[in-house]
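following is a predicted model, sequence given first.
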Amino acid sequence: MTDSRHGAAADGTAVEAAIPAPGGNPVAPPGARTAADVVTPALVARLTRGLPGSGTTVSHTPFTGRKLADLPEAGPQDVAAAFGRAREAQRAWAAVPVRERAAVLLRFHDLVLARQAEALDLIQVETGKARLHAHEEVQAVAVAARHYGRKAPAYLRPKRHAGVVPALTKVTELRQPRGVVGQISPWNYPLELSVGDALPALVAGNTLVTKPDTETALTALWARELLIEAGLPPAVWQIVLGEGPVVGPAVVAHADYVSFTGSTRTGREVAQGAAARLIGCSLELGGKNAMLVLRDADVEKAAAGAVRGCFSSAGQLCISIERLYVHESVADAFVERFVVRTRAMRLGTGLAYGADMGSLVSARQLETVTRHVEEAVAKGATVLTGGRPRPDIGPLFYEPTVLEGVEAPMAVCAEETFGPVVSVYRFRDEDEAVATANATPYGLNASVWTEDGRRGRAVAARLRAGTVNVNEAYAAAYGSAQSPMGGMGDSGLGRRHGSEGILKYTESQTVAQQRLMPLAPSFGMTDEKYAEFMTRSLRALKALRLR
């Protein structure tokens, strides 16, 4: 019997499979350390101390399929109790001056960078990704901590507005925390998409109850421990573990606001649950992201960028590229360089730098990738490189794959693969390329490559995506923390980063003080005289160009 998520035998050993024929992607040295060296009983006991749960659940490592840890499993009653503790702590946390809350984030920033090796080890053993891709999470969290640590006081400070009658009406806009934020975070970026999203909610004065994916819970628990070391009161951030269909709805049922990152299907369920309770939510969902290589692109740089954009974290990234549109005049040169670079990628399990790509995270992801590729080939697509699993490295490895000749109704043409598979399409007309790139219900990320920056930005503005990168795949837009990041259409609601990324965790409150005279007849005015006075005043305000 095998574990349906990990392709592991019931005793925890990896399922054996035939080693593929020679000629595939090379293998990076495995390294001396293993998951057992990282996830020790002492570490698990420390990170799960005090974690609520009346049951037990298990996490695994994708590298081998073997068990990583036994973890406390929460039920609905445990979730309710966690929200009770968070709600009790929220008033005192909100009373802490915002600059002191922000200082916690700045200390956390330093701790993350100083102890990044611990985070990288945990991210790798829990997700199976290469170490350099794990480091992207460290970078993103440090950027978010620095940004909100510096900018939160400005984002949240009271703002003066013009009143209905200048000088007589004094108006201030306040930002009040929503209360207890419920967060549901995914497995693919367990550090960035747990604590990275938690930081603005916390610095805004909310408390937090997070349900991370069980398979990557240790990374989230490590981040919480580090944030407490930086000065966060322990009760302010609660973590609950358990099955999504059980714990997820319980989180939505008790939260004052919900932050969700995951699939479009589940996102719709979360949105329905939030709407039923008249609470807000932000949703970052799926994508079928496009990259356009224009006729004047530097094909060498574009090919290198495509490798980063398509195969980071084995393609298990919402903003990764799954569709490549290349102008016919440079298509042959680009495809040749791209395939050579892709074929040379080193696959590996080592807990050190050196591998270019790691493992898929679950048997479910491997099944989707395999199905998409095999169906495309059966219907006439061509595999330019890759196209096969690599059980000689680990049970969930699949080679980075480039397809050509993909067309509807192949599943890989329109469905999100969420794996190391990209389809190449050639185009002659730029307008046609833009229209085809936009012909999807998703709208999360896109990429444009050209030697003309102005032209690239003009094309970017025509693409229906929440973020568009010119001469980069995804990192330039995502890493610009002052700018909003999120999706259009089926890719979600709301934004992370920038002012929108923190203000969504607040309620705006208008406080208006009237002085000297009321907004009503006074000083002996009749109703008619008051109406005449206000009419003259409104005309004067327009003439003075007051807003």
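Yep, that arrived.

just the element for Val424, please.
Mapping Val424 onto the secondary structure by DSSP states H and E places it in strand 421-427.

can you tell me what sits against that strand?
Residues from elsewhere that reach strand 421-427, judged by Cβ atoms under 8 Å, 6 or more residues apart in numbering: 306, 310, 315, 321-328, 331, 335, 338, 369, 372-373, 376, 381, 384, 386, 401-404, 406, 412-413, 433, 436. All C-beta spots, glycine's among them, are computed from the backbone N, C-alpha and C.

narrow those residues to those in strands?
When these are checked against strands using DSSP state E, the ones located there are Ile321, Glu322, Arg323, Leu324, Tyr325, Val326, His327, Leu384, Thr401, Val402, Leu403, Glu404.

out of those residues, the closest to Gly501 would be?
Each of the ones in strands among the contacts of strand 421-427 was scored against Gly501 by Cβ to Cβ, and Ile321 proved nearest at 23.6 Å.

ok, now which ones touch that closest one?
Each residue near Ile321 by Cβ under 8 Å, 6+ apart is listed here: Asn289, Ala290, Met291, Ala306, Gly309, Cys310, Val422, Ser447, Ala473, Tyr474.

check Gly315 too.
The neighbours of Gly315, taking Cβ under 8 Å, 6+ apart as the test, are Glu322, Pro400, Thr417, Phe418, Gly419, Pro420, Val421, Val422.

quick check, pLDDT for it.
The predicted local distance difference test score for Gly315 is 98.

Gly65 versus that one, what's the distance?
The span separating Gly315 from Gly65 equals 20 Å under the rule Cβ to Cβ, to the nearest Å.

what about Glu507, helix or strand, and which?
Taking DSSP H and E as the criterion, the element that holds Glu507 is strand 506-514.

got the contact list for Lys504?
Tyr257, Gly280, Ser282, Gly494, Arg495.

name the member of these with the most neighbours.
Ranked by the number of neighbours (other Cβ atoms under 10 Å), the contacts of Lys504 place Ser282 first, at 26 neighbours.

I'd guess that one is in a helix, am I close?
No: applying DSSP: H, G, I helix; E, B strand; the rest coil, one finds Ser282 to be strand, outside a helix.

please name the bridge partners of it.
Ser282 has these beta-bridge partners by DSSP bridges: Ser259.

my guess is it contacts Ser259, does it?
Yes: contact between Ser282 and Ser259 holds when scored by Cβ atoms under 8 Å: they sit 5.3 Å apart.

three-state assignment of Asp70?
Asp70 carries the three-state label strand when classified by three-state DSSP.

report how many residues lie close to the closest residue to Ala235 other than its chain neighbours.
With Cβ to Cβ, 6 or more residues apart in numbering as the criterion, Ala235 has its nearest non-adjacent residue at 3.8 Å, and that residue is Ala89. Neighbourhood size, Ala89 [other Cβ under 10 Å]: 18.

what residues are up against Ala89?
By Cβ under 8 Å, 6+ apart, the residues touching Ala89 are Thr207, Pro233, Ala235, Val236.

mind running it again at 6 Å?
If a contact means Cβ atoms under 6 Å, 6 or more residues apart in numbering, then Ala89 has Thr207, Ala235, Val236 as its contacts.
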